[in-house]
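> kindly generate the corresponding structure for this input.
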Amino acid sequence: MSRDFKTFDAIIIGAGQNGPPLATALAGAGQQVALVERKHVGGSCINTGCTPTKTMIASARIAHLVGRAKDFGVNAAFKSVDFQKVIDRKQGIVESFREGSKKKLLETRGLTLFEGEANFAGKKELEVKLSNGEKEYIKSGTIVINTGTVPNMPPIPGLDDAGPLDSASIMELDELPRHLLIIGGGYIGVEFGQMFRRFGSEVTIIQRGEHLLPREDSDVAEEVAKILGEEGLEIILKADTKEIEKPAPDKIILTVEAGGESRKIEGSHLLVATGRVPDTEVLNLESTGIKIDERGFIPVNERLETAVPGIFATGDVNGGPAFTHISYDDFRILKRNLLEGGNASTTGRPLPYVVFIDPQLGRIGLTERAAKEIGHEYLVAKMPVGWVARAIETDETGGLMKVIVDTETGRILGAAVLCVEGGELMALLQVAMMGDLHYTVLRDAIFSHPTFSEAMNTLFGMIES
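Predicted coordinates for the structure are as follows:
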């Protein structure tokens, strides 16, 4: 059957963090651009990731601070959380961000927003199943795949029947869990674990590895576990969930093997936080000649181009670091290359990120483990946050600061800052790394007192010059 394909200068599949800015930039340069989005403009960050989780984490921190009021001589008491109001507040912010972004797209001349699901009907041709049931057929010499990832559900017997929650559905609950069981002690697991514990739920985290946050150094992860344990979370390490039962609507039982023994753990709700997988199944990539890797991700070169010239893959779907700011940097790379004739690439770009537990864990550059694995000669400086005057004054002494410094050059290779506003302190170190500063510049700098940043003097002073 003959199909009438509409031709565009560029097509972007997915309105996540790099799709809308790239689409508006291309359209602003006079191109005719199609942007296809299956569900909501804004991608996972605005709708199910950064925005909603950090909004709810802010509510949880207020609950925590109210519970600590007496420590500061304030006569206030934590009674309960209006969980529905927490959800409503979160949803209001999400919708505001989402609709604001969508409005801008609809007002952009030269940009057509297709609300529907796209799949390849040829190498550079797409069929779009619109949300109203109709179909559109579009084609272009330049196509950007920006479909992101979805939560992974491991093959555990009984999991499907237990009604598991993922990182999106847990934020749609209409009741606070009595006892939240979490399979997975990575970034998602610890953020939700602490959040719900502060709301008043009992929380148990089951982690397969030797420590939480498997990408981090063990000393940093152990400090995170200590902080969470002090707030009442139960953490079970080196544990494998073998079976799941749901004998009653409000009861879930996990059979877990840990330390050579099997035990039953009962809870009311189950969150599965075992990572994410690429959202590529419906794309029909076979029609393009693109081959996915063993994990389902789309391989790209340093310019974000797939094996098929003119087809790019950006954001989480290409298997790179799954962070919003990295996805946004993908936009900057493509904008420079497609519009300005540049040669921008992903080579050597920094990877800052923050785990939004409280205190935050800000990370940049190499871990000590990574430095050791690649044979780097390095020095380590580490100190507890409890040494910082500001931390003592605000009674926020949990955590540590750790930096890795190149032995020969004195340049900072990496840092972990587990501290109140650790993400902001990490950014200070990132700027120093971007400027290729010798560590003594921070050691000898004058920082305002009393601030957390003046800890740089003490931290770097632990390294003998």
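
> how about the helices in the stretch 51-200 of the chain?
83-106, 187-199 (DSSP state H, counting those that start in this stretch).

> make CSV out of those helices and add distance to Glu136.
C-betas here are computed from N, CA, C, even on glycine. As requested, the helices of the stretch 51-200 of the chain are arranged in CSV below (distance: least, C-beta to C-beta, whole Å):
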stretch, distance to Glu136
helix 83-106, 16
helix 187-199, 35
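
> which one of the ones you listed is the most hemmed in?
Comparing the helices of the stretch 51-200 of the chain by mean neighbour count (mean count of other C-beta atoms under 10 Å), helix 187-199 comes out on top with a mean of 24.

> contacts for that one, please.
Counting contacts by C-beta atoms under 8 Å, 6 or more residues apart in numbering, the residues outside helix 187-199 that touch it are 53, 56-57, 59-61, 63-64, 67, 81, 83, 86, 167, 170, 176-177, 180, 182-183, 203, 205, 207, 212-213, 224, 228, 231-233, 271, 273, 355-358.

> narrow those to just the buried residues.
Buried members of the contacts of helix 187-199, scored by 16 or more other C-beta atoms under 10 Å, are 53, 56-57, 59-60, 63-64, 67, 81, 83, 86, 167, 170, 176-177, 180, 182-183, 203, 205, 207, 212-213, 224, 228, 231, 233, 271, 273, 355-358.

> picking up where we left off before, among the contacts of helix 187-199, which lie within strands?
Applying DSSP state E to the contacts of helix 187-199, the entries found in strands are 180, 182-183, 203, 205, 271, 355.

> now render the helices of the stretch 51-200 of the chain as TSV, adding mean pLDDT.
TSV is the format used below for the helices of the stretch 51-200 of the chain (pLDDT from 0 to 100):
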stretch	mean pLDDT
helix 83-106	96
helix 187-199	98
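
> which one of the ones you listed lies nearest to Asp4?
The minimum distance between Asp4 and these falls on helix 83-106, with 24.1 Å, by C-beta to C-beta.

> picking up where we left off before, of all the helices of the stretch 51-200 of the chain, which one is nearest Phe331?
Nearest to Phe331, of these and by C-beta to C-beta, is helix 83-106 at 13.5 Å.

> what packs against the closest one?
helix 19-28, helix 43-47, helix 50-67, strand 111-122 (3 or more C-beta pairs under 8 Å, 6 or more residues apart in numbering; DSSP states H and E).

> most tightly surrounded among those?
helix 43-47 (a mean of 24).

> related to what we said a few turns ago, can you lay out the helices and strands packed on helix 83-106 as a markdown table showing mean pLDDT and distance to Lys382?
Compiled in a markdown table, the helices and strands packed on helix 83-106 are given as follows (pLDDT from 0 to 100; distance: least, C-beta to C-beta, whole Å):
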| stretch | mean pLDDT | distance to Lys382 |
| --- | --- | --- |
| helix 19-28 | 96 | 39 |
| helix 43-47 | 92 | 32 |
| helix 50-67 | 96 | 26 |
| strand 111-122 | 95 | 49 |
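
> tell me the spacing between the most centrally placed residue in the chain and Gly43.
By C-alpha atoms, centre = their mean, the chain has its centre lying nearest to Phe323, at 5.0 Å. Going from Phe323 to Gly43 by C-beta to C-beta, to the nearest Å gives 12 Å.

> so for these two, which residues contact both of them?
Applying C-beta under 8 Å, 6+ apart, one finds that no residue jointly contacts Phe323 and Gly43.

> low pLDDT regions in the stretch 301-450 of the chain?
Within the stretch 301-450 of the chain, no range satisfies pLDDT under 70.

> which residues in it form helices?
Using DSSP H, counting those that start in this stretch, the helices of the stretch 301-450 of the chain run over residues 324-340, 368-373, 389-394, 422-434, 439-443.

> Leu254: which of the ones you listed is closest?
Of all the helices of the stretch 301-450 of the chain, helix 368-373 sits nearest to Leu254, with 29.9 Å by C-beta to C-beta.

> which residues touch stretch 329-340?
10, 17-18, 21-22, 25-26, 29, 142, 144, 303-304, 312, 314-315, 342-346, 349.

> that older thread, name the nearest of the ones in strands among the contacts of helix 187-199 relative to Phe460.
Closest approach between the ones in strands among the contacts of helix 187-199 and Phe460, by C-beta to C-beta: Val355, at 23.2 Å.

> beta partners of the closest one?
Using DSSP bridges, the bridge partners assigned to Val355 are Leu361.

> where's it relative to Asp82, distance?
Per C-beta to C-beta, Val355 is found 27 Å from Asp82.

> setting aside sequence neighbours, what's the nearest residue to Gly43?
Distances taken as C-beta to C-beta, 6 or more residues apart in numbering place Gly16 nearest to Gly43, at 2.6 Å, with adjacent residues excluded.

> I'd say that neighbour and Gly315 touch.
Yes - shown here, Gly16 and Gly315 form a contact pair, counting by C-beta atoms under 8 Å, at 5.5 Å.

> identify the contacts common to those two.
Contacts common to Gly16 and Gly315, judged by C-beta under 8 Å, 6+ apart, are 43, 146, 148, 327.

> could you pull up the residues touching the third one?
So that's Gly148. By C-beta under 8 Å, 6+ apart, the contact list for Gly148 reads 14, 16, 43-44, 278-279, 315-317.

> okay, now Leu285: neighbour count?
20 (other C-beta atoms under 10 Å).
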